[in-house]
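> Show me the folded form of this:
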Amino acid sequence: MPRGSASSAGNEAPPAPELKSEQGTAASEMAPISGRVKWFDGTRGFGFLVSDEIEGDILLHFSVLREHGRRSVPEGAVIEVIPVRLERGLQAKKVLSIDLSTALPQHTRSSNSSAERADRKALADAAGEYEPVEVKWFNRVRGYGFLKRVPDLQGEDVFVHMETVREARLGDLQPGQPLQARIAESEKGLTAVELRPSDGSLD
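Now for the predicted structure:
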């Protein structure tokens, strides 16, 4: 099943769940599962959960958050839902609980943000020219991943932070995806400080 296939369908939220099967009858409820928010777009009004308990992403529509007094949820939050399987894939029918303790920071500005920006600038100044890389793996929920230099795919991993991916407007990176990166040597090893698509475009 395509993962997150509804994420590119227009700029608005998909319609509220009708919860009908392909035969037009009421879709049967599945057992409750706990999933982690992969991403949620508060403007569009929907996002997706991922869970070790079930295969495939689970569509989370803002309409099922209303009874919990919310319209959106942050990345990384753990949500217990009752899913149903519809023609377009899995969808949360009801939200049972929301745990925000594992949520990722939402663009917070800490007291050392100036120092962090200075560190990023220093890394950018020390980075080389853009070079070809390939995504080894990337976890949006954890907020980081690793790249490999091309063609030296057996060399040292190159760390890449979620913020770098956001600044490049690249979305969710996939294993094997070709990119270009400016790489610097940091205290923790090789780090990608700037990314762009493999064709060198900025959009």
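
> What is the burial count for D172?
Neighbours of D172 under the rule other C-beta atoms under 10 Å: 15. From N, CA and C alone the C-beta is placed, and that goes for glycine too.

> actually P178, not the one I wrote
P178 - counted by other C-beta under 10 Å - has 12 other residues nearby.

> so it bridges to which residues?
P178 forms beta bridges with E134, as assigned by DSSP bridges.

> From A192, how far off is it?
Between P178 and A192 the computed distance is 14 Å (C-beta to C-beta, to the nearest Å).

> same question, L170
In terms of C-beta to C-beta, L170 sits 11 Å off from A192.

> Neighbour count: the two, which is higher?
Neighbours per residue, other C-beta under 10 Å: of L170 and A192, the larger number sits with A192, 24 against 17.

> tell me the contacts of that one?
Neighbour list for A192: V133, L147, V158, F159, V160, T164, A181, R182, I183 [criterion: C-beta atoms under 8 Å, 6 or more residues apart in numbering].

> Now do the residue positioned nearest the centre of the chain, the pLDDT please.
Residue closest to the mean C-alpha point of the chain, counted by C-alpha atoms, centre = their mean, is R140 at 3.6 Å. As predicted, R140 sits at a pLDDT of 75.

> now the one 5 residues further on
Among the per-residue scores, G145 holds a pLDDT of 88.

> what about F138, helix or strand, and which?
strand 131-139 (DSSP states H and E).

> What is the least confident helix or strand in this structure?
The least trusted helix or strand in the chain, going by mean pLDDT, DSSP states H and E, turns out to be helix 113-126, with a mean of 64.

> picking up where we left off before, which neighbours do P178 and A192 share?
V133.

> For stretch 171-182, which outside residues touch it?
Contacts for stretch 171-182 (C-beta under 8 Å, 6+ apart): 4, 38-39, 124, 127-138, 140, 145, 147, 150, 158, 160, 165, 170, 192-198, 200.

> gap between the two ends of that stretch?
18 Å (C-alpha to C-alpha, to the nearest Å).

> starting at the chain centroid, how far to that stretch?
Computed by C-alpha atoms, centre = their mean, to the nearest Å, the chain-centroid distance of stretch 171-182 equals 13 Å.

> What residues of it count as buried?
For stretch 171-182, the neighbour count (16 or more other C-beta atoms under 10 Å) marks L173, Q177, L179, Q180, A181, R182 as buried.

> which SSE is the fourth one in?
Using DSSP H and E, the secondary-structure element containing Q180 is strand 178-186.

> Just to be sure, T164 is in a helix?
Yes: counting by DSSP: H, G, I helix; E, B strand; the rest coil, T164 is part of a helix.

> That one touches L195, doesn't it?
Yes: look at T164 against L195 with C-beta atoms under 8 Å: they come within range, at 5.8 Å.
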